[in-house]
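K.L.:
turn this into a model:
(2 chains)
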Amino acid sequence: MAWFVFPFDNLVCMCLGISITVWFTLLLVFIIVPAILGVSFGIRRLYMKTLLVIFEWATLRMERGAKEKNHHLYKPYSNGIIAKEPSSLEQEIHELRGSANSLRSEPEFEMADIFYFCRRGVESIVDDEVTKRFSAQELESWNLLTRSNYNFRHISVRLSALWGLGVLIRYGFLLPLRLTLAVTGVGLLLVLTTMVGFLPNGETYLSEKVHLICYRICVRALTAIITYHNRENKPKNGGICVANHTTPIDVIILANDGCYSMVGQVHGGLMGIIQRAMVKSSPHIWFERSEVKDRHHVAKRLGDHVADKTKQPILIFPEGTCINNTSVMMFKKGSFEIGCTVYPVAIKYDPRFGDAFWNSSKFGIVNYLLRMMSSWAIVCSVWYLPPMNREEGEDAVQFANRVKAAIAAQGGLVDLLWDGGLKRAKVKDAFKEEQQKLYIDFLNRRSTSL
Amino acid sequence: MGSRASTLLREEEIEEIKKETGFSHSQITRLYSRFTSLDKGENGTLSREDFQRIPELAINPLGDRIINAFFPEGEDQVNFRGFMRTLAHFRPIEDNEKNKDPTASEPLNSRTNKLLFAFRLYDLDRDDKISRDELLQVLRMMVGVNISDEQLGSIADRTIQEADQNGDNSISFNEFIKVLEKVDVEQKMSIRFLH
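P.N.:
Residues are numbered from 1 along each chain as shown, chains lettered A, B, ... in the order given. The predicted structure follows:
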């Protein structure tokens, strides 16, 4: 029996050995070497174009299938469920009351006034501006991922076969490939930054190169296809780079094209090891959990870093939390108080290839990264906006809002005043009191105008 | 988020809701998606906390009363049917509905039913009368701390005086309708749902 098994065993080992060698050679030639040199074969863009063609075909098939069965195809409307009239409290209640005259000196109240609040309230139940920002965006056409399909009943046999093929490719080929690359990228980062750390202080050229190489490998690990616009506006030393936040991957997307100092809390575990390694070769700003509460301390450290013109620009996400890339929410004013030049950056993801939004209440970071690595790709556009400075007579909040408006306009995102912290926290009572004040001001205006 | 939107809502249910409320098929599916996104507990019903999580509703002075209107007497959970039934009050009145079969029951979005919805926002104890206290409560919610108790009291007295016709110092539903007969209720209490 032994001689029967032996040559077969040998054959299997040989095949395995050859395939692994071939695999790694291909990896090296097509992915790692270009990453080191900073060139690209254009494979990813070709892949993206092919996918788009397939998605459109899939959606057409589903629409046809639905029509045959005389069913309705669920189409998410990105324009909303209802049409809202943009009118003020004053205008609406004035219309409600008609042209009734009054000789009273007290603020007058009409029973019809509640209609205004009532309708506004029910409108916000049906469609509000805030809660929909904290969950993944809905797609108009299907992208062959079960996680974004709402029309299970309308999938024909051919479409299912295509979907099955997709699963095979994504989990059988792409995922292991990406995992290998990710491990390589992170491993290289740890090793090389430690090595550069041994060199004399102020050695910036090598440390920049090392960071760039590792981020490029990580970008390929996610199959991220990034288009950078207006590179002449790239952030310079002594400034702060400000961007809208959708996912932790934003950091990799930006650092792929330039060197930034990161700001963040000190973590434990693997993240902590990576943070310590990164600091050895370039000046990042990591805070202990206790230091984060002390705003003066934070501002001082950031201010010191910015004042030193040899240090790289700081990368900050003023929203403070991940939003689903359809809007930009309130910018926290802390980074705008430091008084240096702000370089705004707008990042817009194309959700058709894989939704990059991290819904932290639904998925942990590991789960999220696995989902990212098993989507088709991450396609995004990055716009570098011209630098902005605080103007005379403008306070930090106004400056922050101005920067936010610029980013929203460039990225095609909705500009909201609401705080991203509403993802977890309740809205402050002060806002309700503002609404009550609006109403009472209106009543007073009506009575004193007689 | 919307991954269960069309799959958990059966066609028969959609037809029933269509008959009862008058919403179209696509409007019902869209509103179901909204319902599930509000339902954080994922148990097919909404609680008051689910509503209060909407910031724009939380800052509305009458927010709590509006939320109350969705929940049937004494209950803490509302299912999709109940949700749609309440929303149906805000459908615009279409012209062809006005001449429908007179023996059919009144549609949920008729002028009378819209007024009844508003009436119930005032009438907390559901005794079909708005008492002075109930009126004061709503007034206080709308103006906050910006008016003194005396001023508020005199506003309430004046309002009841103008509306009350049978001298019982409270406003019944018919008196309420009379006060609001010149108001364009159809337009002001309607939301334009897109198809």
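
K.L.:
going forward, measure contacts and count neighbours with C-alpha atoms only.
P.N.:
Fine.

K.L.:
could you chop chain B up by domain?
P.N.:
Domains of chain B are assigned by the TED database as B:12-89, B:107-189.

K.L.:
do the shortest one and chain A meet?
P.N.:
Read it as domain B:12-89. Yes - contact of domain B:12-89 with chain A is found when judged by C-alpha under 8 Å from any C-alpha of the partner chain, involving B:26-27, B:29-31, B:34, B:51, B:53-63, B:66, B:87.

K.L.:
now do that domain: distance from first to last residue.
P.N.:
Using C-alpha to C-alpha, to the nearest Å, the end-to-end distance of domain B:12-89 comes out at 22 Å.

K.L.:
next structured bit after the helix or strand containing residue B:159?
P.N.:
For residue B:159, the element it lies in under DSSP states H and E is helix B:149-163. Sequence order places strand B:171-172 as the next helix or strand after helix B:149-163, per DSSP H and E.

K.L.:
against which helices or strands is that next one packed?
P.N.:
Judged by 3 or more C-alpha pairs under 8 Å, 6 or more residues apart in numbering or on different chains; DSSP states H and E, the packing partners of strand B:171-172 are strand B:129-130.

K.L.:
mind jotting down where the helices sit in chain B?
P.N.:
Listed from the start of the chain, chain B has helices (DSSP state H) covering B:11-21, B:25-38, B:48-52, B:55-58, B:63-70, B:80-88, B:95-98, B:111-122, B:132-143, B:149-163, B:173-179, B:185-188.

K.L.:
ok, back up a step: which elements pack onto the helix holding residue B:159?
P.N.:
Using 3+ C-alpha pairs under 8 Å, 6+ apart: helix B:149-163 touches helix B:132-143, helix B:173-179.

K.L.:
make TSV from the ones you listed and add mean pLDDT, distance to residue B:193 and mean neighbour count to it.
P.N.:
Output for the helices and strands packed on helix B:149-163, formatted as TSV (pLDDT from 0 to 100; distance: least, C-alpha to C-alpha, whole Å; neighbours: other C-alpha atoms under 10 Å in any protein chain shown):
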stretch	mean pLDDT	distance to residue B:193	mean neighbour count
helix B:132-143	89	27	19
helix B:173-179	88	26	17
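
K.L.:
of all the ones you listed, which lies closest to chain A?
P.N.:
Nearest of those to chain A, taken as C-alpha to the nearest C-alpha: helix B:132-143 at 4.9 Å.

K.L.:
check what pLDDT residue A:122 gets.
P.N.:
pLDDT for residue A:122: 92.

K.L.:
quick one: stretch A:413-421 to chain centroid distance?
P.N.:
Chain-centre distance of stretch A:413-421: 14 Å, with C-alpha atoms, centre = their mean, to the nearest Å.

K.L.:
tell me the secondary structure for the residue in the stretch 201-350 of chain A that chain B sits nearest to?
P.N.:
Across the stretch 201-350 of chain A, the shortest distance to chain B (C-alpha to the nearest C-alpha) belongs to residue A:324, at 12.1 Å. At residue A:324 the chain is in coil, as set by DSSP: H, G, I helix; E, B strand; the rest coil.

K.L.:
do the same with residue A:297
P.N.:
Following three-state DSSP, residue A:297 is assigned to helix.

K.L.:
go ahead and confirm the residue of the stretch 201-350 of chain A closest to chain B touches residue A:136.
P.N.:
Yes - counting by C-alpha atoms under 8 Å, residue A:324 does reach residue A:136; the two are 5.9 Å apart.
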